[in-house]
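Q: coordinates only, no sequence provided:
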């Protein structure tokens with residue numbers, strides 16, 4: 001136990017990781033003996049091994065988060081490893097969907113970067129199995145897709161993906177999204193959108209930089225949609241909308257933030273960029289909405305914001321389309337759910 005305590009003491013002072021040579025020197029044991037201790041401690045989930053470039057470093061498991069990179073293209077997988085190696089993460093690899101599910105079961109990662117198109121089992125089915133398993137359903141999944149079509153993003157969200165990125169992706173954006181899920185956790189976050197709720201939002205809006213303005217984004221006709229399509233599809237729509245908003249904020253703003261209070265999404269953005277941000281959010285949302293309706297395009301009247309739907313008796317009804325209402329906030333928001 002003395003050697004284990006010595007190793008743990010060393011690793012706690014060096015969260016970036018320690019080589020086996022340094023551990024051997026520090027403990028006074030040979031590399032072979034140190035390796036045996038480390039392997040035993042790894043089985044007990046006390047330490048873990050991560051790669052930084054060509055170096056292999058040992059870290060305490062409570063100091064490092066595990067990320068599974070499930071991607072069949074070697075170059076992209078290596079690129080993701082390089083991008084994420086700047087964080088203190090243990091990076092695990094899978095080259096196909098079958099291996100990804102095995103790694104999830106063996107390693108129980110803290111986050112998964114999952115490619116949509118993979119051999120053996122595609123990313124959609126992998127995500128579906130992860131999210132229906134009680135032991136793994138809370139693991140955040142960032143879905144990667146090589147296509148820019150909105151339907152691919154919608155597919156990912158409908159099977160439970162927590163976020164999505166389109167290839168080629170910005171390295172900074174990938175790091176930001178990973179950091180958001182791993183560093184912030186789910187505490188005090190909305191269960192649907194993963195955005196901060198109540199206290200954090202109110203606190204931030206109260207202390208806004210003078211160059212920032214706060215806006216509320218409300219869903220119009222949401223209850224009508226929920227009545228016709230159910231709670232599950234409504235949650236999917238809200239989740240994807242929150243991701244559209246945060247992606248646009250990341251792209252167009254430097255100091256912005258978003259939160260969730262009650263049924264509204266709150267954002268703060270630089271005054272000189274608010275108009276462009278609002279316009280792009282509306283445009284992206286309007287191009288996405290049709291994918292949430294099980295109807296042909298010819299049954300959607302975009303000018304009147306209506307959808308024509310035939311019920312079981314053959315009667316045609318008119319349903320108002322979901323819309324976003326973006327308004328500048330005056331004063332502080334009321335506290336919601």
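A: Cool, the structure landed. None of the values given here were measured: they were computed from a predicted structure. Numbering: from 1, shown residues only.
Q: those helices in the stretch 201-337 of the chain, which residues are they?
A: 222-252, 274-288 (DSSP state H, counting those that start in this stretch).
Q: pick out the shakiest of those, pLDDT-wise.
A: Of all the helices of the stretch 201-337 of the chain, mean pLDDT reaches its minimum on helix 222-252 (a mean of 86).
Q: that one packs against which elements?
A: helix 150-158, helix 171-184, strand 212-220, strand 257-261, strand 264-270, helix 274-288, strand 316-320 (3 or more C-beta pairs under 8 Å, 6 or more residues apart in numbering; DSSP states H and E). For glycine as for every other residue, the C-beta is placed from the backbone atoms N, C-alpha and C.
Q: turn those into CSV, including mean neighbour count and distance to residue 302.
A: As requested, the helices and strands packed on helix 222-252 are exported to CSV (neighbours: other C-beta atoms under 10 Å; distance: least, C-beta to C-beta, whole Å):
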stretch, mean neighbour count, distance to residue 302
helix 150-158, 19, 15
helix 171-184, 16, 30
strand 212-220, 18, 15
strand 257-261, 23, 27
strand 264-270, 23, 23
helix 274-288, 16, 8
strand 316-320, 13, 12
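Q: in JSON lines, list the ones you listed along with distance to residue 43.
A: Shown next, in JSON lines, are these (distance: least, C-beta to C-beta, whole Å):
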{"stretch": "helix 150-158", "distance to residue 43": "35"}
{"stretch": "helix 171-184", "distance to residue 43": "24"}
{"stretch": "strand 212-220", "distance to residue 43": "48"}
{"stretch": "strand 257-261", "distance to residue 43": "41"}
{"stretch": "strand 264-270", "distance to residue 43": "44"}
{"stretch": "helix 274-288", "distance to residue 43": "46"}
{"stretch": "strand 316-320", "distance to residue 43": "57"}
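Q: returning to what we had before: closest to residue 178 out of the helices of the stretch 201-337 of the chain?
A: helix 222-252 (12.9 Å; C-beta to C-beta).
Q: run the angle between the closest one and helix 171-184 for me.
A: Between helix 222-252 and helix 171-184, the angle comes out at 120 degrees (axes from the mean of the first three to the mean of the last three C-alpha atoms, to 10 degrees).
Q: give me the distance from helix 222-252 to the chain's centre.
A: 14 Å (C-alpha atoms, centre = their mean, to the nearest Å).
Q: next, the angle from it to strand 257-261.
A: 160 degrees.
Q: so for residue 21, which of the helices of the stretch 201-337 of the chain sits nearest?
A: Of all those, helix 222-252 comes closest under C-beta to C-beta, at 40.6 Å.
Q: return the set of buried residues in the closest one.
A: Under the neighbour-count criterion of 16 or more other C-beta atoms under 10 Å, helix 222-252 has 225-226, 228-229, 233-234, 236-250, 252 buried.
Q: using TSV, please lay out the helices of the stretch 201-337 of the chain together with distance to residue 268.
A: Listed next are the helices of the stretch 201-337 of the chain as TSV, based on distance: least, C-beta to C-beta, whole Å:
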stretch	distance to residue 268
helix 222-252	9
helix 274-288	9
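Q: out of those, nearest to residue 141?
A: helix 222-252 (12.0 Å).
Q: okay, angle between the closest one and strand 264-270 too, please.
A: Taking the same axes, to 10 degrees, one finds helix 222-252 and strand 264-270 inclined to each other by 20 degrees.
Q: the residue nearest to residue 65 when sequence neighbours are not counted - how many residues pack around it?
A: Computed as C-beta to C-beta, 6 or more residues apart in numbering, the closest residue to residue 65 that is not its neighbour in sequence is residue 110, at 4.2 Å. Residue 110: 18 surrounding residues under other C-beta atoms under 10 Å.
Q: also the one 4 residues further on?
A: Residues within reach of residue 114, counting by other C-beta under 10 Å, total 28.
Q: swap in residue 27?
A: Quick note: residue 27 (other C-beta under 10 Å) scores 17 neighbours.
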